[in-house]
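**Q** got a sequence here, can you build the structure:
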Amino acid sequence: MKKGHEKKRKFPHLLASKWTAVQAVLGWRHFIVCNRQDRHGIIFAELQSICHPETRIWVNAQTLKNRNVWQPGWQEIPSTNTTLVERTPESCNPVQ
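**A** Modelled structure (predicted):
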């Protein structure tokens, strides 16, 4: 490989990025990427719930691009129950 032409790293800003699940995942919606792994050219992200650090999931990082599943940052998302509104991580109440 020529000098100065390093291979471009996929998802370079993945670690510590914040995500909101459109639908609750294990009862939570707000996550942060705490780890990443490259397995045979596929990047995986370990997401940790902000409100419940014991809740962790691994996802193919490519799925984070699907805005029907994940929103970047911590977003307020209306619940399917119109009387409830999803709270920001400061409130840390599980989604019912």
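**Q** and for the strand ranked longest in the chain, what are the contacting residues?
**A** In the chain, taking DSSP state E as the definition, the longest strand is strand 28-39. Applying CB atoms under 8 Å, 6 or more residues apart in numbering, the contact partners of strand 28-39 are 10-11, 14-21, 25, 43-52, 55-57, 61, 74, 77, 86, 88-89, 94-95. To be clear about C-beta, it is placed using only N, CA and C from the backbone, and glycine gets the same treatment.
**Q** buried ones from the residues you listed, can you make that a ChimeraX selection?
**A** Restricted to buried positions by 16 or more other CB atoms under 10 Å, the ChimeraX selection for the contacts of strand 28-39 reads:
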select :11,14,17,18,19,20,21,25,43,44,45,46,47,48,49,50,51,55,61,74,77,86,89,95
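**Q** the residue nearest the centre of the chain: helix or strand, and which one exactly?
**A** The residue lying closest to the centre of the chain (CA atoms, centre = their mean) is W19, at 3.8 Å. Element membership of W19 [criterion: DSSP states H and E] is strand 18-25.
**Q** looks to me like Q62 is in a helix.
**A** Yes. Assessed by DSSP: H, G, I helix; E, B strand; the rest coil, Q62 belongs to a helix.
**Q** quick one: it and P53, what's the gap?
**A** 25 Å (CB to CB, to the nearest Å).
**Q** same question, F31
**A** From F31 to P53 the distance is 11 Å (CB to CB).
**Q** neighbour count for the two, which is higher?
**A** Neighbours per residue, other CB atoms under 10 Å: of F31 and P53, the larger number sits with F31, 27 against 10.
**Q** quick check, Q48 in a helix?
**A** No. Using three-state DSSP, the assignment for Q48 is strand, not a helix.
**Q** tally of neighbours for the nearest residue to it once chain neighbours are set aside?
**A** With sequence-adjacent residues excluded and distances taken as CB to CB, 6 or more residues apart in numbering, Q48 is closest to C34, at 4.5 Å. C34 has 13 neighbouring residues, counting by other CB under 10 Å.
**Q** check what pLDDT C34 gets.
**A** Note on C34: pLDDT of 98.
**Q** please apply the same query to N81.
**A** Looking at N81, the pLDDT reads 48.
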